[in-house]
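1. Got a predicted structure here, sequence first:
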Amino acid sequence: MGIKTWYDDHIVPRIIKCGCANSAVAERRAQVVPRASGRVFEIGCGGGLNQPFYDRTKVSSFSGIDPSGKLLEYAREQAAKKGWQADIRQGIGEAIPFEDESFDTVVCTYTLCSVQDHRQVLAELRRILKPGGKFLFLEHGRAPEASVQRWQQRIEPTWKVLMGGCHLTRPVCGSVEEGGFTVTPIDKGYMPKMPRFASWMEWGEATKTA
Ligand SMILES: C[S@@+](CC[C@H](N)C(=O)[O-])C[C@H]1O[C@@H](n2cnc3c(N)ncnc32)[C@H](O)[C@@H]1O
């Protein structure tokens, strides 16, 4: 095993588990995840950090995928803690192993930044979402100010290597809209106590554009 593979398999999952678990992030998850209802699919469900926020009285089934074996272990531990039957599989968002129009809600938190092809992933999320279903997202991405954007462009190549392929420059709501969704924003802003280049966040609810 090369050092990069070892780093990605063992260090990145631990960084993600800690970095995505702070209280300010949890506040944002609490504004998004409890809106999920019916048959729910979560992309990038590894780590399991969203599971405590789902309202079990509204969710009839939970499915999720993630490519990382280590993060999937954490997700399965969270499912056991929650005490629900969860269909958690290893997979990538560019080829989601579920039928067309099979979910009432799809959830994506801090994952569009990390996938290889976010356009393909959004097309897949659109495919598996039922007509009238909701797409809930909470993502970090391209900041509004040109000065911060310049830093994001400079830092991104190194950041991607260190952070499991995470991009800093992808627009959030803009990408979701380009992917064929109509967005109702919940909120946006920088995360406190984090560098601006990595902390611009947008979160909202979207439906498929007719
Ligand atoms: C920053 S972590 C966020 C984890 C979790 N969604 C959360 O909110 O805490 C990014 C996640 O995206 C996953 N990921 C990376 N590439 C992916 C892909 N192509 N398809 C689906 N998930 C992917 C990673 O394994 C990781 O779990």
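-> Received the coordinates, thanks.
2. For this structure, which residues are neighbours of the ligand?
-> For the chain, the residues in contact with the ligand (CB under 6 Å from any ligand atom) are 16, 20, 43-44, 46-47, 49-50, 66-68, 71, 92-94, 109-111, 114-116. Just so you know, the C-beta spots here come from the backbone N, C-alpha and C atoms, and that holds for glycine as well.
3. These in strands, which ones?
-> Mapping these onto strands (DSSP state E) picks out Ile43, Asp66, Thr109.
4. what about the last one, distance to Phe135?
-> Translated: Thr109. Distance of Thr109 to Phe135, computed by CB to CB, to the nearest Å: 12 Å.
5. so how far is the worst-scoring helix or strand of the chain on mean pLDDT off the chain centroid?
-> Least confident element among the helices and strands of the chain, by mean pLDDT, DSSP states H and E: helix 12-19 (a mean of 78). On the basis of CA atoms, centre = their mean, to the nearest Å, helix 12-19 sits 14 Å off its chain's mean C-alpha point.
6. on contacts alone, who are the packing partners of that helix?
-> helix 69-82 (3 or more CB pairs under 8 Å, 6 or more residues apart in numbering; DSSP states H and E).
7. Neighbours of the closest residue to Gly46 other than its chain neighbours, how many?
-> Distance criterion CB to CB, 6 or more residues apart in numbering; nearest residue to Gly46, sequence neighbours excluded, is Leu71 at 2.6 Å. A total of 23 residues lie near Leu71 under the criterion other CB atoms under 10 Å.
8. residue ranges with poor pLDDT in the chain?
-> In the predicted model of the chain, residues 1 satisfy pLDDT under 70.
9. top helix in it by residue count?
-> Looking across the chain with DSSP state H, the single longest helix is helix 146-162.
10. can you give me the angle that helix makes with helix 12-19?
-> Orientation check (axes from the mean of the first three to the mean of the last three CA atoms, to 10 degrees): helix 146-162 against helix 12-19 gives 140 degrees.
11. returning to that earlier point: in ChimeraX, how would I select just the buried ones from the ones in strands among the residues of the chain next to the ligand?
-> Buried subset of these, written as a ChimeraX selection, criterion 16 or more other CB atoms under 10 Å:
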select :43,66,109
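12. what packs against the longest strand seen in the chain?
-> Looking across the chain with DSSP E, the single longest strand is strand 129-140. Contact analysis of strand 129-140 by 3+ CB pairs under 8 Å, 6+ apart lists helix 23-32, strand 103-109, strand 200-208 as its packing neighbours.
13. Out of those, which one sits most buried?
-> For the helices and strands packed on strand 129-140, the largest average neighbour count (mean count of other CB atoms under 10 Å) is found in strand 103-109, namely a mean of 25.
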